[in-house]
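In: need a structure here:
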Amino acid sequence: MSSTKQNYGQYLKPMEKISFGVTRYLNSSPAARRLLTLLCAEIGRRWIELCISRTVRDHGFENFEKIDPNRGLLLVANHRSFYDQFAIAARLYKIFGRHHNIYFPIRANFFYDSPLGLLVNLLMAFFVMYPPIVRDTRRRQWNEYATDIMVTLLKHPDNMVGFHPEGTRNQGSDPYALLAAKPGCGELIYRANPNVLPVFLQGFPNSVVDLFKSNHDRSQNWQPLVHMVMGEPMDLSAQLKLERSRKTYLKISRKVMARIGELAEQECDIRHRLENRPA
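Out: Next comes the predicted model:
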């Protein structure tokens, strides 16, 4: 991948080059990264909590304290909305304080190919939406470079990467019918050997305005819309001994998705108990 690292610009459109150059510089500078993490932990998470504090419940988040502090953290979750990873990260910052630098790989369209997207990444996310992922198969080599970036990040114990093993947003009508795992998650785990912390969540409305209204609508008596269920760090040591291959990556990703599926069952039970308890 050295040639890709040296010539990454050939895989990006002009605006994408500018956006990536800015975000890469700020995320590579130790001083800038410390400032961005401080802003995320002290300001960004408060913005998010304004929208979720009363209608989102966390379960099992004490499992976060079980991770190995000497390894990076890969936070793996199912993907139902654009708020999934941000809600989890905000709640972690609220409970545990400023613990990791966070990074969320994001699709390049809008967030990297337009000035407005770059501005949103700055003002709303403090540049945690990094690195960009492209959907154009003709630019597949760019995503190999983005994977290298994530592997490097995950090898540092101060970093956390939020990732969706499904690879895309699940827009099906049944939130418990998870999409098939993609090998990208397994590749990150195999190459970086990070802590792997699984989460299942569902129930967010499509609009952030609706999310804010629900959180502050007293007529609803602040009933939970979303339950975020976190499992214990996964032991994938057996899979890491297998031969490096796409087949191994896929096997790891499927094991991760199976664990998220188990958390989905727990979430369903939690939701059922709370919705049917006596008033």
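In: When you work out contacts or count neighbours from here on, use the C-alpha atoms and nothing else.
Out: OK.
In: Let me see the contact set for residue 34.
Out: By CA atoms under 8 Å, 6 or more residues apart in numbering, the contact list for residue 34 reads residue 101.
In: For it, what is the enclosing helix or strand?
Out: Element membership for residue 34 (DSSP states H and E) is helix 30-39.
In: Tell me the buried residues in that helix?
Out: By neighbour count with 16 or more other CA atoms under 10 Å, helix 30-39 contains the buried residues 33, 36-39.
In: can you check stretch 212-220 too?
Out: Per 16+ other CA under 10 Å, stretch 212-220 contains these buried residues: 212, 214-216.
In: ditto for stretch 175-195
Out: Neighbour counts over stretch 175-195 (16+ other CA under 10 Å) mark 175-176, 178-179, 181-195 as buried.
In: Leaving out sequence neighbours, find the closest residue to the residue nearest the centre of the chain.
Out: Note on the chain: the residue nearest the mean C-alpha position is residue 162, at 2.6 Å, using CA atoms, centre = their mean. Sequence neighbours aside, residue 75 is the residue nearest to residue 162 in space, at 4.7 Å (criterion: CA to CA, 6 or more residues apart in numbering).
In: Beta-bridge partners for the one you found, please?
Out: Residue 75 has these beta-bridge partners by DSSP bridges: residue 162, residue 197.
In: Next SSE downstream of the helix holding residue 34?
Out: helix 45-52.
In: that older thread, what angle do helix 45-52 and the helix holding residue 34 make with each other?
Out: 30 degrees (axes from the mean of the first three to the mean of the last three CA atoms, to 10 degrees).
In: correct me, but the residue nearest to the centre of the chain touches residue 79?
Out: No. Residue 162 is not in contact with residue 79 according to CA atoms under 8 Å; the separation is 10.9 Å.
In: tell me the strands in the stretch 101-250 of the chain, going along the chain?
Out: For the stretch 101-250 of the chain, strands defined by DSSP state E, counting those that start in this stretch occupy the ranges 101-103, 106-107, 132-133, 159-163, 195-200, 226-230.
In: just those strands: most buried one?
Out: Comparing the strands of the stretch 101-250 of the chain by mean neighbour count (mean count of other CA atoms under 10 Å), strand 195-200 ranks first with a mean of 26.
In: Can you redo the buried residues of helix 30-39 as a markdown table, where the extra columns are pLDDT?
Out: Converted to a markdown table, the buried residues of helix 30-39 look like this (pLDDT from 0 to 100):
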| residue | pLDDT |
| --- | --- |
| 33 | 95 |
| 36 | 96 |
| 37 | 96 |
| 38 | 96 |
| 39 | 96 |
